[in-house]
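S.K.: Fold the following for me, if possible:
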Amino acid sequence: MFGLLKRGERVYTKIIADASSATLFPIIERKVESESIVYSDCRRGYNVLDVSEFKHFRINHSKLFADKKDHTNGIENFWSQAKRHMRKFNGVPRAFWAIFKGL
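M.R.: Next comes the predicted model:
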């Protein structure tokens, strides 16, 4: 699963085959406005953002989780809530994630 959060707004999720730059970048390019600031963790799949039109800031979770307004806490909270919900049902079918598609 891959997710994007526009702060204070909605989450977009997509089931992906892998988390490579080749998979992630087209999604980010389609869903994120070019002037946006993108915050991510240090996953290698986000390396392509360093040479893109986006302003990209990485949060190294092995050192800290937030630096004032620079954080990924919103999307991390979404995944935490989603996992908590799924545990009640011993997982959730793929079709469930379709309700988030396009938000």
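S.K.: going forward, measure contacts and count neighbours with C-alpha atoms only.
M.R.: Will do.
S.K.: And the helix or strand containing Ala82, what does it pack against?
M.R.: Ala82 is part of helix 73-87, with elements assigned from DSSP states H and E. Counting contacts by 3 or more CA pairs under 8 Å, 6 or more residues apart in numbering; DSSP states H and E, helix 73-87 is packed against strand 2-5.
S.K.: buried ones in the strand it packs on?
M.R.: Of the residues in strand 2-5, 3-5 count as buried by neighbour count, 16 or more other CA atoms under 10 Å.
S.K.: what's the burial count for Ser20?
M.R.: For Ser20, the number of neighbouring residues by other CA atoms under 10 Å comes to 15.
S.K.: Now stretch 54-63 - C-alpha only, PDB.
M.R.: In PDB, the C-alpha atoms belonging to stretch 54-63 read as follows (Å, rounded to 0.1, in the frame of the first residue of the first chain):
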ATOM      1  CA  PHE A  54       8.900  19.100  -6.000                       C
ATOM      2  CA  LYS A  55      10.500  20.600  -2.900                       C
ATOM      3  CA  HIS A  56      11.400  17.400  -1.000                       C
ATOM      4  CA  PHE A  57      12.300  17.000   2.600                       C
ATOM      5  CA  ARG A  58      13.100  13.700   4.200                       C
ATOM      6  CA  ILE A  59      12.400  12.700   7.800                       C
ATOM      7  CA  ASN A  60      14.900  10.300   9.100                       C
ATOM      8  CA  HIS A  61      12.900   8.200  11.600                       C
ATOM      9  CA  SER A  62      16.000   6.600  13.000                       C
ATOM     10  CA  LYS A  63      17.000  10.100  14.300                       C
END
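S.K.: In TSV: the buried residues of strand 2-5, plus distance to Phe89.
M.R.: Shown next, in TSV, are these (distance: CA to CA, whole Å):
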residue	distance to Phe89
Gly3	21
Leu4	24
Leu5	25
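S.K.: now those as JSON lines including pLDDT and distance to Val11?
M.R.: Formatted as JSON lines, those follow (pLDDT from 0 to 100; distance: CA to CA, whole Å):
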{"residue": "Gly3", "pLDDT": "84", "distance to Val11": "7"}
{"residue": "Leu4", "pLDDT": "84", "distance to Val11": "6"}
{"residue": "Leu5", "pLDDT": "82", "distance to Val11": "5"}
